[in-house]
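Colleague: What shape does this take:
(one chain, ligands or ions: 1)
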Amino acid sequence: MGAEACYQTIGTFQSHSFLNIFNHHQKLQNNLLKFVTKDFININGLSSRGSYHSGQRNCGIIRSSASQTSLVDPVSSPSRSDTGETNKKSSEAALILIRHGESLWNEKNLFTGCVDVPLSKKGIDEAIEAGKRISSIPVDVIFTSALIRAQMTAMLAMTQHRRKKVPVFMHNESEQARAWSQVFSEDTKKQSIPVIASWQLNERMYGELQGLDKQETADRYGKEQVHVWRRSYDIPPPNGESLEMCAERAVAYFRDQIEPQLLSGKNVMIAAHGNSLRSIIMYLDKLTSQEVISLELSTGIPMLYILKEGRFIRRGSPAGPSEAGVYAYTRRLALYRQKLDEMVQ
Ligand SMILES: O=C(O)[C@H](O)COP(=O)(O)O
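Modeller: The predicted structure follows:
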């Protein structure tokens, strides 16, 4: 099966997934949810919604200085257990990737790149549908790009989540923003999910193609040239970013900011874009620059990875909240869903 076919497969899972069901011998975690505090996550210099700091590539290497506190959660996320399993080898976490739903410029077939365009009606429906599909999978931290189509997708998806925690955007762009957005109730923090918006997860910058009609551009410059601009690995569109350039900042951000969260047992959702996610998937699945060319991501389709024993294992796309397969991957996911079921009764 080619990469394209693999990633467009909806609702199917790799057959070896069930091998993991009962192979997981780690002690079950108790009801301690390790929550990152100081406004949930204390990461210096995080950009907030809408801020695209193109000149800050180097500043994008942001140090996480998260101090943690334990809070009792009636439905523990199956994040790090209290058994001391803090090292890379024993931690386990879920990673959900979602490309934003259809935007108003996807609908019009315009090159969008870093232009900040909202979702279309269809995109809103796709985001809600995506939310249903992941509604029983734990989410402890959400990362989005700085662009509203990714943020709308994440927020709309979370309206469907059964745990009913409230996503709260972090505002660490200045001392004042940080101070003014503090939460003073531990209980309220416990019922919240930090959302971190970063330009490094933005769509690749499409240069002078931004705002142009894709079909008209193909008619003018030739189908092949436009295909090279859109899908080659290292040839950028005029004054824009190649996938390689996009990967440089998106993967660096993933490695510096997101991977440590996963390694510490946090379950993460990333809502981003076709090309920033293609870059990250290239890293997760160790695709070559040839293989990534044929990788296409549909709008609004969530994809699940499990980080286990330091390795990312792709688990396809959850088909729905009641679908059994996804929860069989690890005992922790099964327990999480069971607790959600009990909570509803
Ligand atoms: O930015 C855009 O126009 C799209 O979101 C992604 O475009 P692509 O399919 O040409 O990569």
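Colleague: Could you export the helix or strand hosting residue 94 as CSV, keeping only the C-alpha atoms?
Modeller: Taking DSSP states H and E as the definition, residue 94 sits inside strand 92-99. Coordinates of the C-alpha atoms in strand 92-99 are reproduced here as CSV (Å, rounded to 0.1, in the frame of the first residue of the first chain):
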residue,chain,number,x,y,z
GLU,A,92,3.3,5.8,27.0
ALA,A,93,1.1,8.5,25.5
ALA,A,94,-1.4,9.1,22.8
LEU,A,95,-0.8,11.6,20.0
ILE,A,96,-3.6,12.8,17.8
LEU,A,97,-2.9,14.7,14.7
ILE,A,98,-5.6,16.6,12.9
ARG,A,99,-5.4,18.7,9.7
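Colleague: Without its sequence neighbours, what residue ends up closest to the residue in the stretch 1-150 of the chain positioned nearest to the ligand?
Modeller: Across the stretch 1-150 of the chain, no residue is closer to the ligand than residue 112, which sits at 3.7 Å (CB to the nearest ligand atom). Every C-beta, even on glycine, is put in place using the N, C-alpha and C of the backbone. Residue nearest to residue 112 in three dimensions, not counting chain neighbours: residue 105, with 4.4 Å by CB to CB, 6 or more residues apart in numbering.
Colleague: do residue 279 as well
Modeller: By the measure of CB to CB, 6+ apart, the closest residue to residue 279 outside its immediate chain neighbours is residue 247, 3.5 Å from it.
Colleague: Let's verify the one you found: helix, strand, or coil?
Modeller: Following DSSP: H, G, I helix; E, B strand; the rest coil, we place residue 247 in the helix state.
Colleague: which ones are touching it?
Modeller: Contact analysis of residue 247 by CB atoms under 8 Å, 6 or more residues apart in numbering lists 279, 282-283.
Colleague: what does this structure put close to the ligand?
Modeller: Within the chain, the positions adjacent to the ligand are 111-113, 203, 206, 230, 273-275 by CB under 6 Å from any ligand atom.
Colleague: how about 8 Å then?
Modeller: 103, 105-106, 110-113, 203-204, 206, 209-210, 214, 229-231, 273-275, 296 (CB under 8 Å from any ligand atom).
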